[in-house]
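Asker: Return a 3D structure for these sequence lines:
(2 chains)
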2 protein chains.
Amino acid sequence: MSILVVGSVAFDTVETPFGKADEALGGSATYFSTSASYFSPVKLVAVVGSDFPDEHIAALKGRGIDVTGLQKVAGGKTFRWKGKYEYDLNQAHTLDTQLNVFSNFDPVLNDGHKDSPYVFLANIDPDLQLKVLRQVKKPKLVACDTMNFWIEGKPEALRKILRRVDIVIINEGEAREFAGCSSLVKAAKTILKEGPKALIVKRGEYGSLMFIGNSVFSAPAYPLEDICDPTGAGDSFAGGFMGYLASTGDLGESGLRKAVIFGSVMASFNVEAFSLGRLSTLTLVEIRERYSELKRLTHFDSL
Amino acid sequence: MSILVVGSVAFDTVETPFGKADEALGGSATYFSTSASYFSPVKLVAVVGSDFPDEHIAALKGRGIDVTGLQKVAGGKTFRWKGKYEYDLNQAHTLDTQLNVFSNFDPVLNDGHKDSPYVFLANIDPDLQLKVLRQVKKPKLVACDTMNFWIEGKPEALRKILRRVDIVIINEGEAREFAGCSSLVKAAKTILKEGPKALIVKRGEYGSLMFIGNSVFSAPAYPLEDICDPTGAGDSFAGGFMGYLASTGDLGESGLRKAVIFGSVMASFNVEAFSLGRLSTLTLVEIRERYSELKRLTHFDSL
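Answerer: Here you go, the predicted structure:
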């Protein structure tokens, strides 16, 4: 089944200890849809400027991604982000953000979008996330991301979103900040009380935790020798997670756990290169093989 | 089979966001031997001053720990450590260290110690660790810990130790510092090249990684709602790990993986209270139940 993603398409300029990328294709919706496209059909809703090259659009289309919801604003400039990572690759340092056409982004869904059974609200203004949710008809599963900027700036709008989504996928610092407590287990309880059925906490190179009711699932990260660029890892994770769920429709806990592992797999590939260098060139065999490696990585015998 | 541990017995004064402990029983050999004693007989070699109360010695004896190697220096003062943890409980801030009798610690083994099949060299001067190793006869398995102080101050002595031990158990920052590289996977390769068969990297609330040849095992930490005091977690981990191995003699990879999980179990209990408050009051049923919880926590289906 198909997935609707609403988020950003951007040009990223990124420096890490291992190299540099200049105005490379990025953005939450780009990483998400590329990752999810290995599993399920994806419909992308985002906005770019007239400086956005047709070849990027052709590449997304080439992956089977429906780009009818990608608005191109005549005379506008595409969203740009500039960031730097030191040796601690878990921490991005933003050097510059130019919202450009993204500052007036008004996601209007067409009929094809409105019927989407799976919806991912990438990290955008929670008021826009709400606006999207009001347009979709009867989604089977809705997941969302957010960030500290909205946690601090629009906590009430964010609470409204949490009441309407099934799954929240955020990082560790965001979970602690939203809940206002240092214990991740307590923070998860606080967030789940707001409404969502599940919370997935991303912890970078340490993997992730999924909280559902009183159950916790601890998923590993794939131990890479070299991490080239962590940009987009979270959205690649969400893409693998949602993509797998939409391909099977198994929304029970065992299905969700497998989906988390596919998320971890896709994030691990993504960080191996700048931009979509690795994420866009995978084979299903490579993806399945890494899933099996994560199974071997974590196996220990029962008592 | 029995385990010999050589390390410190100390009084710790610790402050965390959750409370304070004054001159409470601590030290690497204390935590290790208490933890390991649930699985196997332990022989403790350490030094204390005449200020060390007999009731502490009686308590260790009461756990079946052989304390014939616990030297009591007449007129001397016991090693004291004072530290503080902020909300980031992964990071200890040392406020004061008084080595006292520990500064002249000269571990001399008796015949019972020399025959120990399992040996754990806790975090002490690598020259002393070497001195201990020269005294033991034909150990089946030797593991060691160390810290940044020795990595920076005595790298050559440490290298000698690494050539003679089977397993190194250190934390993430120490592994990176010893190898001089930020990639943990590369750091592990560098350390294994020095001689040991396996390296276990402790990552606090994120669990641990075990490297053996080209194989990696990712073990979870138990997600606790409240962590009261992390002091001694690493030594409790090592105690559970060595204790389990000595109880089964299974030194194959599947045995080592189970041992790592028992290490994680014992560390998770230890941080639930100050000093030995929780670690010394466990039942085997509780230990086995938490092992099974870690199994459920990490389970996901194969493809």
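
Asker: From here on, just use CA atoms for contacts and neighbour counts.
Answerer: Will do.

Asker: just the residues of the stretch 201-303 of chain A that are near chain B, which are they?
Answerer: A:206, A:215-220, A:223-226, A:254, A:257-258, A:288, A:291-292, A:295-303 (Cα under 8 Å from any Cα of the partner chain).

Asker: Inside strands: which ones of these?
Answerer: A:215-219 (DSSP state E).

Asker: Kindly indicate which of these lies nearest A:Phe32.
Answerer: The nearest member of these to A:Phe32, counting by Cα to Cα, is A:Ala219 at 19.5 Å.

Asker: who touches the closest one in this structure?
Answerer: Contacts for A:Ala219 (Cα atoms under 8 Å, 6 or more residues apart in numbering or on different chains) come out as A:207-210, A:260-261, A:264, B:298.

Asker: A:Ile167 contacts A:Val201, correct?
Answerer: No: the pair A:Ile167 and A:Val201 does not pass the contact test of Cα atoms under 8 Å, sitting 10.7 Å apart.

Asker: where exactly do the helices run in the stretch 1-150 of chain A?
Answerer: Here the stretch 1-150 of chain A has its helices, by DSSP state H, counting those that start in this stretch, at A:28-36, A:54-62, A:111-114, A:126-135, A:148-153.

Asker: again with the stretch 151-300 of chain A
Answerer: Assigned by DSSP H, counting those that start in this stretch, the stretch 151-300 of chain A shows helices spanning A:155-164, A:172-179, A:184-193, A:233-248, A:253-270, A:284-298.

Asker: between those helices, which gets nearest to A:Val48?
Answerer: Of all those, helix A:233-248 sits nearest to A:Val48, with 18.4 Å by Cα to Cα.

Asker: between that closest one and helix A:28-36, how many degrees?
Answerer: On the basis of axes from the mean of the first three to the mean of the last three Cα atoms, to 10 degrees, helix A:233-248 is oriented at 50 degrees to helix A:28-36.

Asker: I'd like the mean pLDDT over stretch A:194-212, please.
Answerer: Per-residue pLDDT over stretch A:194-212 has a mean of 97.

Asker: mind listing what's buried in that stretch?
Answerer: If you call a residue buried by 16 or more other Cα atoms under 10 Å in any protein chain shown, then stretch A:194-212 has these buried ones: A:195-212.

Asker: interface residues of the stretch 51-200 of chain A facing chain B?
Answerer: A:87-88, A:182-186.

Asker: OK, contacts around A:Ala21?
Answerer: Under the criterion of Cα under 8 Å, 6+ apart, the neighbours of A:Ala21 are A:12-15, A:274-275.

Asker: and A:Ser37, how many neighbours does it have?
Answerer: Other residues within reach of A:Ser37, judged by other Cα atoms under 10 Å in any protein chain shown, total 22.

Asker: mind checking how far it is from A:Leu141?
Answerer: 17 Å (Cα to Cα, to the nearest Å).

Asker: And the closest residue to A:Leu25 other than its chain neighbours, how far from B:Leu209?
Answerer: Of all residues not flanking A:Leu25 in the chain, A:Phe11 sits nearest, at 5.0 Å (Cα to Cα, 6 or more residues apart in numbering or on different chains). Separation of A:Phe11 from B:Leu209 (Cα to Cα): 36 Å.

Asker: same question, A:Phe105
Answerer: 44 Å.

Asker: ok, the residues of the stretch 51-200 of chain A next to chain B vs chain B, which is closest?
Answerer: A:Val185 (5.1 Å; Cα to the nearest Cα).

Asker: tell me the contacts of the residue nearest to the closest one when sequence neighbours are not counted?
Answerer: Using Cα to Cα, 6+ apart and skipping residues adjacent in sequence, the residue nearest A:Val185 is B:Glu225, 5.1 Å away. Contact analysis of B:Glu225 by Cα under 8 Å, 6+ apart lists A:183-186.

Asker: which one is the spatially most central residue of chain A nearest to, not counting chain neighbours?
Answerer: Closest residue to the average C-alpha location of chain A: A:Asp235 at 2.3 Å, with Cα atoms, centre = their mean. For A:Asp235, ignoring the flanking residues on the chain, the nearest one in space by Cα to Cα, 6+ apart is A:Phe32 at 4.8 Å.

Asker: now the stretch 101-250 of chain A, which segments are flagged as low pLDDT?
Answerer: Screening the stretch 101-250 of chain A residue by residue with the criterion pLDDT under 70, one finds no matching range.

Asker: Does the residue nearest to the centre of chain A touch A:Thr34 like I think?
Answerer: No: contact criterion Cα under 8 Å: A:Asp235 and A:Thr34 do not qualify, at 9.6 Å.

Asker: Deepest-packed of the helices of the stretch 151-300 of chain A, please.
Answerer: Neighbour counts (mean count of other Cα atoms under 10 Å in any protein chain shown) averaged over each of these peak at helix A:233-248, with a mean of 27.

Asker: I'd like to check the angle between that helix and helix A:284-298, please.
Answerer: Going by the same axes, to 10 degrees, helix A:233-248 makes 110 degrees with helix A:284-298.

Asker: Helix A:253-270 and helix A:233-248, what's the angle between them?
Answerer: Helix A:233-248 runs at 140 degrees relative to helix A:253-270, counting by the same axes, to 10 degrees.

Asker: what separates the residue nearest to the centre of chain A from chain B, distance-wise?
Answerer: In this view, A:Asp235 and chain B are 22 Å apart by Cα to the nearest Cα, to the nearest Å.

Asker: what's across from A:Thr97 in the sheet?
Answerer: For A:Thr97, the beta-bridge assignment (DSSP bridges) gives partners A:Trp81.

Asker: What's the per-residue pLDDT of A:His93 here?
Answerer: For A:His93, the pLDDT comes out at 92.

Asker: was I right about it contacting A:Gly83?
Answerer: Yes: with contact defined as Cα under 8 Å, A:His93 reaches A:Gly83; the gap is 5.5 Å.

Asker: So which of these two has more stuff around it?
Answerer: Ranked by neighbour count (other Cα under 10 Å), A:His93 and A:Gly83 place A:Gly83 first, with 16 against 13.

Asker: how far away is the more buried one from chain B?
Answerer: Distance from A:Gly83 to chain B, counting by Cα to the nearest Cα: 20 Å.

Asker: Could you pull up the residues touching that residue?
Answerer: Contacts of A:Gly83 (Cα under 8 Å, 6+ apart): A:12-15, A:92-96.

Asker: that older thread, looking at the contacts of A:Ala219, which two lie furthest apart in space?
Answerer: Pairwise distances across these (Cα to Cα) peak at 13.6 Å, for the pair A:Ser264 and B:Thr298.

Asker: Hmm, A:Glu156 and A:Trp150 touching each other?
Answerer: No: A:Trp150 is beyond contact range of A:Glu156, at 9.5 Å (criterion: Cα under 8 Å).

Asker: Spatially nearest residue to A:Val132 (excluding sequence neighbours)?
Answerer: The shortest distance from A:Val132 to any non-neighbouring residue, by Cα to Cα, 6+ apart, is to A:Pro107 (6.7 Å).

Asker: residues in contact with that neighbour?
Answerer: So A:Pro107 contacts A:6, A:45-46, A:128, A:131-132 (Cα under 8 Å, 6+ apart).

Asker: any chance of the contacts of A:Ala219 in CSV, with distance to B:Thr248 too?
Answerer: Converted to CSV, these look like this (distance: Cα to Cα, whole Å):
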residue, distance to B:Thr248
A:Gly207, 31
A:Ser208, 32
A:Leu209, 32
A:Met210, 34
A:Val260, 35
A:Ile261, 32
A:Ser264, 34
B:Thr298, 24
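
Asker: Return the member of those nearest to B:Ala58.
Answerer: Nearest member of the contacts of A:Ala219 to B:Ala58, counting by Cα to Cα, is B:Thr298, at 39.3 Å.

Asker: doesn't A:Thr298 make contact with that closest one?
Answerer: Yes: look at B:Thr298 against A:Thr298 with Cα under 8 Å: they come within range, at 7.3 Å.
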